[in-house]
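Colleague: Give me the fold of what follows.
(chains A, B, C and D)
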2 protein chains.
Amino acid sequence: MSSTTGTDDPASAQGSGGPLLWRTPDEPTRGPRRGLTLDEIARAAVEVADRDGLAGLSMQRVAAEVGLTKMALYRYVANKDELEAIMIDAAVEEPPGPEALVGTWREQAEEFARLVSDVWTRHPWLPWVTVGERVMGPREVGWVEAAVRVVEPLGLAPDERMDAVSMLFGHLRTTLATASAGTRPWTADPAGGSTMRDLVAAHADRYPALTAVMTDPGRPVGSRWDFGLRCLLDGFAAAARRRAESR
Amino acid sequence: MSSTTGTDDPASAQGSGGPLLWRTPDEPTRGPRRGLTLDEIARAAVEVADRDGLAGLSMQRVAAEVGLTKMALYRYVANKDELEAIMIDAAVEEPPGPEALVGTWREQAEEFARLVSDVWTRHPWLPWVTVGERVMGPREVGWVEAAVRVVEPLGLAPDERMDAVSMLFGHLRTTLATASAGTRPWTADPAGGSTMRDLVAAHADRYPALTAVMTDPGRPVGSRWDFGLRCLLDGFAAAARRRAESR
DNA sequence: TCTTACTGTGTCTAGCGTACACAGTGTCCG
DNA sequence: CGGACACTGTGTACGCTAGACACAGTAAGA
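Modeller: The predicted model follows:
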């Protein structure tokens, strides 16, 4: 049952994404050296995704990028999910440390949102892939840790703290995912670009409230981003006030 | 250029998801009658997705469900995206009319969230598929219309109204998408179930803030749902106050 | 009756993830 | 020093996907 089994599986007997993310496997003594490191593969995969999007990411393409056969990749990762796991943790880079976030909790939150936005804009596929049941890597957990630190001064209950962090990430994800789809954020959330505007205009009688909204000239995108984040942080502040009063 | 071309394509010369959602194509006079209606196909597709999830949804499976060959489906829809479009609009059902939402804007918002939650829980794949650049169907637009109506009394600017609606949908999506993945919402957002708890516990020194959060017993799920929505609506209220004061 | 438009079927391609057998390579042990 | 053996990378194969295309059959208009 110990590691003397000498199996082929790079993620031997552990769930996908498990050990590779959190533990450097002990190097084998026998056999040819590996031509690549996991980091190189992760970086290549990130590059492919940056260039061709998530849909263009295939074992084939990544293998070609690093000069390997498709099947040779399976010597490094157990399956595509695990590849995605390591490339996510490679793409998110190092989370901000305590020294990078200063000032009031609100200033820290705004700065944190800006930092996440930076990374997720550099890798537009990130907001799409960081949903659902996954095993997070150490760096990604580090980002969550940083977010929890930011909301700590609010004095919320532990689970409320986590909920607030979830909401913050969710908001950023929604905003950036739709923004990266080439659409204006607000038309995109459950809509689809100018087509939505046209459709609403063509059925103005059915959608009076939307028609009123659509005929508005619209403000610069910057103020939209501010509005959403401000709403959210105001909500957190209200929750904190509520909790402080009830105590 | 008129419709006398007599093409094979069901969505002739128009982008995917276009005409089928918003316009009933004129029935042909010649040739055999169709064995099915679009609605029947949409319902079958919804059933497949409900049963096997989005990953299990393929042209093959849907075709088999309605007793057709895979390729015969392409007589009804132009491609898989269009199939998804019509099945989304079939699954969301009729949006709530003005009579269904009464009381203060806050009560209406809470009721609206409950209604969306109902539908998205019945069809757990819906929160996942209603993102990104798409053409929305009439019913889906109806839900957005209803949401805009709800936030109208707040007196926000038109684009702020739309932003608020986007945030509301985004929040519900995040919450329900992660909830339907079988995970507790707060562990799932950027995490993955109990593994996250284990990982954090194993690296408590690296993640002190998270460790503090994780060791909390946790409240019932219901109060979590309340917390998030309350935060959001408090944020909207604050925005409305801000706007009222500045005017 | 003949033409024509339409429905549904069968065949085919390109691509996907991945299971498996195998050739080559390098190290440790007898 | 000579296997034995563990390891890396390759090639082949399978089942699946979306979709292009050619064809048979059917029904209505000219």
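Colleague: for chain A, which helix is longest?
Modeller: In chain A, assigned by DSSP state H, the helix with the most residues is helix A:221-246.
Colleague: other SSEs contacting it?
Modeller: Counting contacts by 3 or more Cβ pairs under 8 Å, 6 or more residues apart in numbering or on different chains; DSSP states H and E, helix A:221-246 packs against helix A:105-122, helix A:158-180, helix A:185-188, helix B:158-180, helix B:221-246. Every C-beta, even on glycine, is put in place using the N, C-alpha and C of the backbone.
Colleague: Quick one, which of the ones you listed gets closest to A:Asn79.
Modeller: helix B:158-180 (22.4 Å; Cβ to Cβ).
Colleague: the inter-axis angle of that closest one versus helix A:158-180?
Modeller: 120 degrees (axes from the mean of the first three to the mean of the last three Cα atoms, to 10 degrees).
Colleague: any idea which helix or strand of chain A has the worst average confidence?
Modeller: For chain A, the helix or strand with the lowest mean confidence is helix A:185-188, at a mean of 38 (criterion: mean pLDDT, DSSP states H and E).
Colleague: In chain A, what residue lies closest to DNA strand D?
Modeller: Of all residues in chain A, A:Gly31 sits closest to DNA strand D, at 2.7 Å by Cβ to the nearest atom of the strand.
Colleague: measure that residue to A:Pro98 for me?
Modeller: 44 Å (Cβ to Cβ, to the nearest Å).
Colleague: of those two, who's got more company?
Modeller: A:Pro98 (11 against 6; other Cβ atoms under 10 Å in any protein chain shown).
Colleague: circling back to that earlier point, and the longest helix of chain A, average pLDDT?
Modeller: On average, the pLDDT along helix A:221-246 is 91.
Colleague: Give me the secondary structure label for the residue of chain A closest to DNA strand D.
Modeller: coil (DSSP: H, G, I helix; E, B strand; the rest coil).
Colleague: I'd like the distance between it and A:Arg75.
Modeller: Distance from A:Gly31 to A:Arg75, by Cβ to Cβ: 11 Å.
Colleague: near DNA strand D, which residues of chain A?
Modeller: Applying Cβ under 7 Å from any atom of the strand, one finds that chain A approaches DNA strand D through A:6-8, A:28, A:30-36, A:68-72, A:75-76.
Colleague: where does the residue of chain A most remote from its centre land in three-state SS?
Modeller: Using Cα atoms, centre = their mean, the residue of chain A lying farthest from its centre is A:Asp205. It sits 39.4 Å away. Per three-state DSSP, the secondary structure class of A:Asp205 is coil.
Colleague: Got phi/psi on it?
Modeller: phi -70, psi -30 (degrees, to the nearest 10).
Colleague: Going by neighbour count, which residues of stretch A:108-121 are buried?
Modeller: A:Gln108, A:Ala109, A:Glu110, A:Glu111, A:Phe112, A:Ala113, A:Leu115, A:Val116, A:Ser117, A:Val119, A:Trp120 (16 or more other Cβ atoms under 10 Å in any protein chain shown).
Colleague: typo on my end, stretch A:79-99
Modeller: Quick answer for stretch A:79-99 (16+ other Cβ under 10 Å): A:80, A:82-92, A:95-96.
Colleague: likewise stretch A:33-51?
Modeller: For stretch A:33-51, by 16+ other Cβ under 10 Å, it's A:Leu36, A:Leu38, A:Ile41, A:Ala42, A:Arg43, A:Ala44, A:Ala45, A:Val46, A:Val48, A:Ala49, A:Asp50.
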